[in-house]
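Asks: Fold the stuff below for me.
(chains A and B)
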Amino acid sequence: MSALDAFRTALRAIVANRLRSALTSLGLVIGVSSVIVLIAVGQGTQRGVTDRIRGLGTDLVFVEPSAEATTSQTGSLAGLAQSTLVQSDATAIAVNGIPGVAAVAAQVAVDAQAVAGPENVGVGIVATSSAYAEVRDLEIRSGSFLTAVHDEDRALVAVLGARVSETLYPGLDPVGQEVRLSFVGGRITLAFTVVGVLEEQGGASEANDQVFIPLSGVANRLRVLFTPTGDLRVTQIDIQTESGADEERVKEDVGNLLLFLHDTPEPDFVIQSQDDLISAATEVSNTLSILLGSIAGISLLVGGIGVMNIMLVSVTERTREIGIRRAVGATAGDIVKQFVTEALTLSLFGGVVGIALGIGGSLALDGRELGGQAMTTLIQPQSIAAAFLVAAVVGFASGSYPAYRATTLDPIAALRNE
Amino acid sequence: MIRLRDITRVYATGETAVHALSGVSLDIGRGEFVAIRGQSGSGKSTLMNIIGLLDRPSSGEYALGGRDVARLSEDARARLRGGAFGFVFQSYNLLPRMTALEQVELPLIYQGTPDRRRRAAEALVRVGLHDRIAHRPTELSGGEQQRVAIARSLVVDPLVLLADEPTGALDTATGRDLMTLLTGLVEQQGLTVVLVTHEAEVAAYARRAVRMRDGRVVKDSDAPVAAGSAR
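Replies: Sure thing, here's the model as predicted:
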């Protein structure tokens, strides 16, 4: 029996039982497509997170208070009161001549409500210095970023993120306008003059939803920022290293300096480079990918068992057909070929439809909002290949055993079977 | 052409052994029309299955056209079966959902014969079904279905056509037509037919009658060699 004849015979049997064949393949279709979609979602999420971390700037090292020092109240002024970092730490890092340090910017991050005319929006306030734009590679669309003069004058000026500007001043250039920022649930409200608007930042950068003000300007108005010794508490210090600098070395030097300044044996701060953040995030999303992939893998396995089940039933049902074929000259090998071809055709059909659905589904999900977050999907050629391979193996395996059972049938008994 | 010597077939069912055939010797020549008669359980169907290589004798010798076929491998028997024998069963044994033409093509697929469609169509013409080529079993009468089965066995130009109660499921008139067809194939085209039946009327179409009882040949109307006596 030639391969073509075996394929024709298989196709005939599949078409003869259209509904059953479709239902059998459905298990594999669902399995294969969910493997592709879920892995694409997992990998897309990973890409999204790493893009966001890269979007923070280049060659960055972040210093933050250690986990014990901060409570869960990130963004609130109460949380800020427990910060172990102060502005003079940043100054010390900048002026101590640590090799590889290019620029340093301290920041206080708090949540606030921005109001302009009838519009208002929740924003993240970044109270920092003029060095921040350089550290974070921020680009200005209109006006300017905070300047050294603003720092010096303790000016009440603000630079708006692209989305904040679009919400508060739709279609307008807000430079020169007044924006009011209210902190601490509205107990403190200050008026700022808009001096610049940022270019829309790529990816899911949080800079689009932030407002940047001089730390020196708000310090006097927000008493909570002051330490007993008159220093200013900050929530984060960003260090841009010279390109090609040894970031590990910079981290160590900065760490030693801060240990000395804080006069503690154990660090009350955490120093992380962008690479540290990326590898931590990658680890999380890899776990996520594996989890999603395993769930999909289980459904693929169930689909495979479905094919095997149907093929076994099919052999039992077609005992007489097998007997007739044996009587007209089919060898045991011919019968095996027929059933394996049938199972393979069913499985590969399911595999191909599943791949098409998986790719379609991944593309359809790409960029969709899910729980307020834009989803990124990244279709992995390996997952397509793996899913297809699994479908083929399932087809082969689920055809082989029933086919073997078919050959053990005594042709005479098979013929008598009604 | 067919030469059976001292063929036995023992089925082991649990603890007791059933002797379906206990020492059958038989010679069938080319162009013969032989009816094997006997009660049910006489071993006639077992004998037919052994002749048609569907079954294997427990002991004894079987030569087909001078070739020892008693000890062939499973695959070799399957190939030889498909090429040398055509089977016609009481219950037609057609595959559901296939057209008459496809049913008849089936043995050719396993033989790897070229030009299958034309040969299958010719076989259907030979049994008078030229206008039923695209019909499926459910669209055919019992007699027509049995003719499709005969066409299916003729298509490989078999050495022997083996028919097991071919008229068993047909009414008398249709049964007669079918036997006339078989007789015609023997007389005009030199086909060899071995017919298994318990009906005297059907057996009467054959030129030679072999009667079996309890796994032995008890009477052979035309015994060319020492039939009935072992060795």
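
Asks: nearest spatial neighbour of the residue in the stretch 201-350 of chain A that chain B sits nearest to, skipping sequence neighbours?
Replies: Proximity of the stretch 201-350 of chain A to chain B (CB to the nearest CB) peaks at A:Gly329, 1.5 Å away. Where you see a C-beta, it was placed from the backbone N, CA and C, and this is true even at glycine. Distances taken as CB to CB, 6 or more residues apart in numbering or on different chains place B:Gly82 nearest to A:Gly329, at 1.5 Å, with adjacent residues excluded.

Asks: Same question for A:Asp268.
Replies: Per CB to CB, 6+ apart, closest to A:Asp268 is A:Thr84, 4.2 Å.

Asks: and the one you found, how far is that from B:Glu199?
Replies: Using CB to CB, to the nearest Å, A:Thr84 is found at 108 Å from B:Glu199.

Asks: Between these two, tell me which one has more neighbours.
Replies: Legend: neighbour count by other CB atoms under 10 Å in any protein chain shown for A:Thr84 and B:Glu199, higher for A:Thr84 (20 against 13).

Asks: got the contact list for the more buried one?
Replies: A:Thr84 sits next to A:65-66, A:69, A:262, A:268-269 when contact means CB atoms under 8 Å, 6 or more residues apart in numbering or on different chains.

Asks: Spell out which residues of chain A are next to chain B.
Replies: A:1-2, A:5, A:9, A:12, A:16, A:320-321, A:323-334, A:411-412, A:415, A:418 (CB under 8 Å from any CB of the partner chain).

Asks: Nearest residue to the middle of chain B?
Replies: B:Leu162 (0.8 Å; CA atoms, centre = their mean).

Asks: Any chance of the backbone angles for it?
Replies: phi -110, psi 120 (degrees, to the nearest 10).

Asks: residue contacts, it?
Replies: With contacts taken as CB under 8 Å, 6+ apart, B:Leu162 has the following neighbours: B:48, B:51-52, B:85-88, B:153, B:194, B:196.

Asks: Among those residues, which ones lie close to chain A?
Replies: Contacts with chain A are made by B:52, B:87 out of the contacts of B:Leu162, judged by CB under 8 Å from any CB.

Asks: Could you identify the longest helix within chain A?
Replies: Criterion DSSP state H: the longest helix present in chain A is helix A:274-317.

Asks: about what we covered before: could you export the contacts of A:Thr84 as a markdown table, including pLDDT?
Replies: Formatted as a markdown table, the contacts of A:Thr84 follow (pLDDT from 0 to 100):
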| residue | pLDDT |
| --- | --- |
| A:Pro65 | 88 |
| A:Ser66 | 81 |
| A:Ala69 | 52 |
| A:His262 | 88 |
| A:Asp268 | 87 |
| A:Phe269 | 89 |
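
Asks: would you turn those residues into a markdown table with distance to A:Val157?
Replies: Formatted as a markdown table, the contacts of A:Thr84 follow (distance: CB to CB, whole Å):
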| residue | distance to A:Val157 |
| --- | --- |
| A:Pro65 | 27 |
| A:Ser66 | 33 |
| A:Ala69 | 31 |
| A:His262 | 32 |
| A:Asp268 | 33 |
| A:Phe269 | 30 |
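
Asks: Just checking, which helix or strand of chain A averages the lowest pLDDT?
Replies: helix A:77-80 (a mean of 67; mean pLDDT, DSSP states H and E).

Asks: Which residues of chain B lie near chain A?
Replies: Checking chain B against chain A by CB under 8 Å from any CB, the hits are B:49, B:52, B:54-55, B:74-75, B:78-79, B:81-83, B:87, B:89, B:91, B:93-95, B:97-98, B:106-107, B:109-112, B:152, B:156.

Asks: Please produce a ChimeraX select command covering the buried subset of these.
Replies: Typed into ChimeraX, the line below selects the buried ones among the residues of chain B next to chain A, using 16 or more other CB atoms under 10 Å in any protein chain shown:
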select /B:49,52,54,55,78,79,81,82,83,87,89,91,93,94,95,98,106,107,109,110,111,152,156
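
Asks: Point out where the chain drops to low pLDDT.
Replies: Picked chain A for this. Scanning chain A for pLDDT under 70 picks out A:67-79, A:202-204, A:372, A:418.

Asks: oops, I was thinking of chain B
Replies: B:223-231.

Asks: The single nearest residue of it relative to chain A sits in which helix or strand?
Replies: Across chain B, no residue is closer to chain A than B:Gly82, which sits at 1.5 Å (CB to the nearest CB). Assigned by DSSP states H and E, B:Gly82 falls within helix B:74-84.

Asks: Run a quick neighbour tally on the closest residue to B:Ile7 other than its chain neighbours.
Replies: With sequence-adjacent residues excluded and distances taken as CB to CB, 6+ apart, B:Ile7 is closest to B:Gly60, at 3.6 Å. Counted with other CB under 10 Å, residues neighbouring B:Gly60 total 18.

Asks: gap between the longest helix of chain A and the chain center?
Replies: For helix A:274-317, the gap between its own C-alpha mean and the chain's C-alpha mean amounts to 19 Å (CA atoms, centre = their mean, to the nearest Å).

Asks: For that helix, name the packing helices and strands.
Replies: Secondary-structure packing of helix A:274-317 (3 or more CB pairs under 8 Å, 6 or more residues apart in numbering or on different chains; DSSP states H and E): helix A:18-54, strand A:60-65, helix A:332-365, helix A:381-407.

Asks: buried set for stretch A:360-373?
Replies: In stretch A:360-373, counting by 16+ other CB under 10 Å, buried: A:361-362, A:365-366.

Asks: tell me the secondary structure for the nearest residue to A:Asp253 once chain neighbours are set aside?
Replies: Leaving aside its chain neighbours, A:Asp253 sits nearest to A:Ile98 (4.6 Å; criterion: CB to CB, 6+ apart). Following DSSP: H, G, I helix; E, B strand; the rest coil, we place A:Ile98 in the coil state.

Asks: Enumerate every residue touching A:Ile98.
Replies: Counting by CB under 8 Å, 6+ apart, A:Ile98 touches A:250, A:253-254, A:257.

Asks: Most neighbours among these, please name it.
Replies: Ranked by neighbour count (other CB under 10 Å), the contacts of A:Ile98 have A:Val254 at the top, with 25 neighbours.

Asks: how much space between that one and A:Glu266?
Replies: 16 Å.

Asks: which SSE is B:Gly41 in?
Replies: Judged by DSSP H and E, B:Gly41 forms part of no helix or strand.

Asks: Could you report the neighbour count for it?
Replies: Using other CB under 10 Å, the number of residues around B:Gly41 comes to 14.

Asks: again, but for the one 4 residues further on
Replies: Neighbouring residues of B:Ser45 were enumerated by other CB under 10 Å; the total is 21.
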